[in-house]
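1. When you get a sec, could you give me coordinates for this:
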Amino acid sequence: MPVVNRIAEFAADMTAWRRHLHGIPELGLDCPETAAFVAKRLRAFGVDEVHGGIAKTGLVAIIEGQGPGPTIGLRADMDGLPIAEATGRAHASRHEGRMHACGHDGHTAMLLGAARYLAETRNFAGRVALIFQPAEEAGGGAGVMIGEGIMDRFDIAQVYALHNVPGFDLGAFYTAPGPIMAAVDDFHIHVQGLGGHGAMPHETRDPVMAAVGIAQAIQTIVSRNHHALGDLVVSITQIHAGSADNVIPDTAYLNGTVRTFDPAVQAMVQDRMRAIVAGQAASFDVSARLDYEVGYPATVNDPGRTAFAASVAREVAGDNRVIADAGREMGAEDFAYMLQARPGAYLFLGAGEGAGLHHPQYDFNDEIAPIGASFFARLVERAQPIA
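-> Next up is the predicted model:
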């Protein structure tokens with residue numbers, strides 16, 4: 001891999017940083033230990049400014065280039081997941097019930113590697129804003145940072161991010177212009193019936209049967225209310241009811257996720273879900289409440305910035321290892337908020353074989369850290385060359 005030589009020289013340091021972070025996963029906006037480690041490294045590298053306490057534990061660090069120019073933003077997410085780790089690695093999580101199961105430890109290490117190189121060389125004009133963000137997995141930390149004004153405060157003109165992908169060729173990149181990841185909403189349905197003896201269902205208003213009816217009817221939103229060639233996912237992921245084989249319970253609960261790209265489709269799903277929940281509740285003589293939570297918007301890449309980022313990726317990975325029109329997928333990402341605020345691009349970086357994201361046996365592949373760091377570094381140098 002044609003990684004930057006200087007970055008290759010400190011690849012072992014990046015591995016050490018990443019494995020330290022892997023052992024201390026933190027959740028949501030509460031990433032103080034991670035943020036403190038990042039800030040200490042950045043100051044040791046000699047960055048010009050470190051601003052903490054953004055979105056509670058987020059950081060923005062500034063590196064000044066040579067001469068005037070715009071500011072380019074590079075983002076890494078820092079938070080982990082509430083999953084018990086099962087890797088058995090020496091650097092496994094020391095925080096019970098938490099782990100870096102999505103590789104945010106690696107994303108942070110890659111951006112730290114780019115920061116070290118850029119602070120040493122400063123072979124660019126303008127400034128770099130290094131954005132270390134908490135709460136990607138839950139809490140929308142990117143949106144919180146945007147709400148606290150980082151784009152205007154640091155005069156960021158464009159912004160980029162990477163995410164590792166197990167199962168995709170090691171060191172290969174893929175992305176797409178326009179929509180690349182879906183908007184994500186959650187829904188919670190609470191059914192209230194009248195419980196009783198399982199042998200005397202006629203004396204009850206059974207919430208279990210109502211929940212089953214609601215779950216089945218909701219699936220018709222995709223199959224009967226939406227064009228068959230369009231992108232839409234509606235998934236029931238939880239049903240909870242009852243506690244004994246001879247008791248009909250009073251209540252039942254359903255939960256799930258909705259993934260869309262078109263705001264009109266998103267609105268249609270909400271309308272149909274409200275109608276289905278109300279109609280099924282009436283048909284089973286129970287009451288039901290739908291709580292629909294609008295989440296992260298769709299992640300939409302700027303076409304011009306995406307083409308530029310793909311050209312930089314080709315410098316690092318080679319022409320045959322970059323797919324610039326890979327299409328979109330139904331996962332979601334809160335970097336969407338940053339792309340709503342400024343043009344930029346989100347790319348995926350292949351991590352080779354290994355357990356998938358959000359799996360208890362997942363571990364970030366340290367071989368790709370110098371590749372990701374080199375991409376970030378070259379991106380800055382190509383976007384903002386010295387006059």
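2. Could you report the distance from the residue nearest to the spatial centre of the chain to G28?
-> With distances taken as Cα atoms, centre = their mean, E333 lies nearest the centre of the chain, 3.6 Å away. Counting by Cβ to Cβ, to the nearest Å, the gap from E333 to G28 is 16 Å. Every residue, glycine included, has its C-beta placed from N, CA and C.
3. how does the chain divide into domains?
-> 5-181+298-383, 183-294 (automatic domain parsing).
4. Can I get those domains in JSON lines including mean pLDDT?
-> Output for the domains of the chain, formatted as JSON lines (pLDDT from 0 to 100):
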{"stretch": "domain 5-181+298-383", "mean pLDDT": "98"}
{"stretch": "domain 183-294", "mean pLDDT": "98"}
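5. which one of these is the most hemmed in?
-> The highest mean neighbour count among those, using mean count of other Cβ atoms under 10 Å, belongs to domain 5-181+298-383: a mean of 20.
6. And the helices in the protein, which stretches?
-> Along the chain, counting by DSSP state H, helices occupy 5-9, 11-22, 32-45, 104-121, 141-147, 150-153, 207-218, 220-224, 263-283, 303-317, 335-341, 369-383.
7. what's in contact with the second one?
-> In this case it means helix 11-22. For helix 11-22, the surrounding residues in contact (Cβ atoms under 8 Å, 6 or more residues apart in numbering) are 34, 37, 41, 78, 89, 91-93, 99-100, 105-106, 108-110, 112-113, 363-364, 366, 369-370, 373.
8. re earlier: please report how far the residue nearest to the centre of the chain lies from A228.
-> The gap separating E333 from A228 is 26 Å, by Cβ to Cβ.
9. D169 too?
-> Applying Cβ to Cβ to D169 and A228 gives a distance of 32 Å.
10. Likewise for Q66?
-> 55 Å.
11. Please apply the same query to F308.
-> According to Cβ to Cβ, F308 and A228 sit 35 Å apart.
12. Check R378 too.
-> Using Cβ to Cβ, R378 is found at 42 Å from A228.
13. still on that earlier bit, of the helices of the chain, which is nearest H51?
-> Nearest of the helices of the chain to H51, taken as Cβ to Cβ: helix 150-153 at 8.3 Å.
14. Please list the outside residues in contact with that closest one.
-> Residues outside helix 150-153 that contact it (Cβ under 8 Å, 6+ apart): 54, 60, 73, 129, 131, 156, 159, 338, 341-342.
15. Same check on stretch 300-320?
-> Contact with stretch 300-320 is made by 1-3, 158, 160, 171-173, 175-180, 321-322, 324, 336, 339-340, 343-347, 371, 374-375, 378-379, 382-383, as judged by Cβ under 8 Å, 6+ apart.
16. thinking again about what came up before, give me every residue that touches the residue nearest to the centre of the chain.
-> 136, 163, 181, 296, 299, 346.
17. picking that back up, Serialize the contacts of helix 150-153 to a markdown table and add fields for distance to A264.
-> Shown next, in a markdown table, are the contacts of helix 150-153 (distance: Cβ to Cβ, whole Å):
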| residue | distance to A264 |
| --- | --- |
| I54 | 34 |
| V60 | 35 |
| G73 | 31 |
| A129 | 35 |
| I131 | 32 |
| I156 | 31 |
| V159 | 27 |
| M338 | 24 |
| A341 | 23 |
| R342 | 25 |
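18. ok, of the residues you listed, which one's closest to A267?
-> Nearest to A267 among the contacts of helix 150-153 is A341, at 23.0 Å by Cβ to Cβ.
19. Thought G147 was touching the closest one, still the case?
-> No - assessed by Cβ atoms under 8 Å, A341 is found out of contact with G147, at 9.8 Å.
20. For H358, find the nearest of the helices of the chain.
-> With Cβ to Cβ as the measure, helix 104-121 is the member of the helices of the chain nearest H358 (11.5 Å).
21. which residues touch M110?
-> 14, 76, 162, 368-369, 372-373, 376.
22. let's see 7 Å
-> By Cβ atoms under 7 Å, 6 or more residues apart in numbering, the contact list for M110 reads 76, 162, 369, 372-373, 376.
23. Just give me the closest of these to V212.
-> Using Cβ to Cβ, L162 comes nearest to V212 of the contacts of M110, at 42.6 Å.
24. is that closest one in a bridge, and if so with what?
-> Using DSSP bridges, the beta-bridge partners of L162 come out as L347.
25. Check the contact between it and L347; I expect there is one.
-> Yes - with contacts counted by Cβ atoms under 7 Å, L162 reaches L347, the gap being 5.5 Å.
26. any residues in contact with both of those two?
-> Common neighbours of L162 and L347 are not found (criterion: Cβ under 7 Å, 6+ apart).
27. how close does the residue nearest to A241 when sequence neighbours are not counted get to H202?
-> Spatial nearest neighbour of A241, excluding adjacent residues (Cβ to Cβ, 6 or more residues apart in numbering): A252 at 3.7 Å. Per Cβ to Cβ, A252 is found 19 Å from H202.
28. Switch the contacts of E333 over to TSV; also include distance to G354.
-> As requested, the contacts of E333 are exported to TSV (distance: Cβ to Cβ, whole Å):
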residue	distance to G354
E136	20
H163	15
M181	21
Y296	26
T299	24
Y346	21
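29. between those residues, which is nearest H359?
-> H163 (15.4 Å).
30. OK, contacts around the nearest residue to the closest one once chain neighbours are set aside?
-> Ranked by Cβ to Cβ, 6+ apart and with sequence neighbours excluded, the top spatial neighbour of H163 is F348, at 5.5 Å. Counting by Cβ under 7 Å, 6+ apart, F348 touches 163, 165, 168, 173-175.
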